[in-house]
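A.B. asks: Predicted model and sequence follow; I will ask about them next.
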Amino acid sequence: MNGTSGPSLLLRLAARQLRPTVIGILVATALCIPRPVAAQGELERARRDYNAGNFDGAIASAEGARRKAVNAPASALIIARSRLERFRRLANPEDLNAARAELVAIDLRGLSRQEILEWQIGLGEALFLDNLPGPASEMFNAVIPSARARLTPAEIEKLIEWWATSISRVAESANGAARIDEYRELRTVCEGELERDPASRSATYWIVAALRGTGELDRAWNAAIAGWIRAGAMVRADELRADLDRLVVQTIIPERAQARTGQRLDAANTAAAIATMTAEWRGVTGRWTGPAAGASSEDRSPMPLPSRPNSAPATNYSP
């Protein structure tokens, strides 16, 4: 994570980790609404294209499928979500505007329960991309409980990342007690997530950021070390460790050193404390995991969730 200490850091964090990834073809079992075979084939092709990151293909197939009225709601959902992802890639405001129009016009009576969940997540993403992180965080927070029963653990990870990124932006735009309250909520959710899944990459990172936001700098330091060690058992460990390293070295250590000395960052005593803490951090991480982890993308934005028509779990999901 680029940047120095202070509120600007997590504003940059908020644009973090939606790393493009190819998601495996999902098994679609009993659909809630029967559809003509040809049109259903176009709809399934649209889902496969979306899950594979081929958003232009997904839009084209879904446009074909929506010619059948029974397919219109599900097709509109895929088109909207594809346009959101295309907006994230190309930053064309027409895609965001079109996605917003599709989402608000969908007839929910034509969606399965799984698709309604995806619709709510799509609304949250659209709000976030429309620079409305507060409503986005509320939208994501509202669906997390029901999502646990319908999404795979890897998909829950992505949803937590979207929510955490949104609420961190809300926190960084607030002041005083309001800012701390937002970070406390983030801390509480991350604590619960780590209790459920100690290998949660999102919670491992965001609990450190949340503790820093509440001013619990010593605990943030300890959580970062614990997260660094746990990361060794996770996929893409180097990416998570590089993210933690930036947060610790560029933000937590300077703020912790300044809290210890009570002096300016450029004061000699603070500079010495920073050097001591940095050496301690390098020593601990080196002893536990060997050489420092490689750098990851500076863009940490949430990954897109896959599209499927019902609650059947993905069988070949590649996180």
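C.D. replies: Perfect, thanks for sending it. What you see is a predicted model, and the numbers here were worked out from it, not measured in a lab.

A.B. asks: gap between the residue nearest to A199 when sequence neighbours are not counted and G227?
C.D. replies: Distances taken as Cβ to Cβ, 6 or more residues apart in numbering place M234 nearest to A199, at 5.4 Å, with adjacent residues excluded. Bear in mind the C-beta positions are built from the backbone N, C-alpha and C, glycine included. Plainly put, M234 is 10 Å away from G227 if you go by Cβ to Cβ, to the nearest Å.

A.B. asks: With neighbour numbers in mind, choose between the two.
C.D. replies: Taking other Cβ atoms under 10 Å, M234 and G227 do not tie; G227 has more neighbours (25 against 17).

A.B. asks: Do a quick rundown of the helices in the stretch 51-200 of the chain.
C.D. replies: Counting by DSSP state H, counting those that start in this stretch, the segments of the stretch 51-200 of the chain that form helices are 55-65, 72-90, 93-105, 113-129, 133-147, 153-173, 176-196.

A.B. asks: Run the angle between the shortest one and helix 72-90 for me.
C.D. replies: Orientation of helix 55-65 against helix 72-90 (axes from the mean of the first three to the mean of the last three Cα atoms, to 10 degrees) gives an angle of 160 degrees.

A.B. asks: tell me the mean pLDDT for stretch 50-63?
C.D. replies: Averaging pLDDT along stretch 50-63 gives 96.

A.B. asks: same deal with stretch 228-241?
C.D. replies: Mean predicted confidence for stretch 228-241 is 92.

A.B. asks: Can you get me the start-to-end distance on it?
C.D. replies: 6 Å (Cα to Cα, to the nearest Å).

A.B. asks: Buried ones in it, by neighbour count?
C.D. replies: For stretch 228-241, burial by neighbour count (16 or more other Cβ atoms under 10 Å) applies to W228, R230, A231, M234, A237, E239, L240, R241.

A.B. asks: Now flag whichever of the residues you listed is closest to R113.
C.D. replies: M234 (30.6 Å; Cβ to Cβ).

A.B. asks: what's the spacing between the closest one and L240?
C.D. replies: From M234 to L240 the distance is 6 Å (Cβ to Cβ).

A.B. asks: With R67 instead?
C.D. replies: 45 Å.

A.B. asks: before we move on, back to that, of all the helices of the stretch 51-200 of the chain, which one comes closest to R287?
C.D. replies: Judging the helices of the stretch 51-200 of the chain by Cβ to Cβ, what sits closest to R287 is helix 176-196, at 23.0 Å.

A.B. asks: What helices and strands are in contact with that closest one?
C.D. replies: Packing partners of helix 176-196 (3 or more Cβ pairs under 8 Å, 6 or more residues apart in numbering; DSSP states H and E): helix 153-173, helix 201-213.
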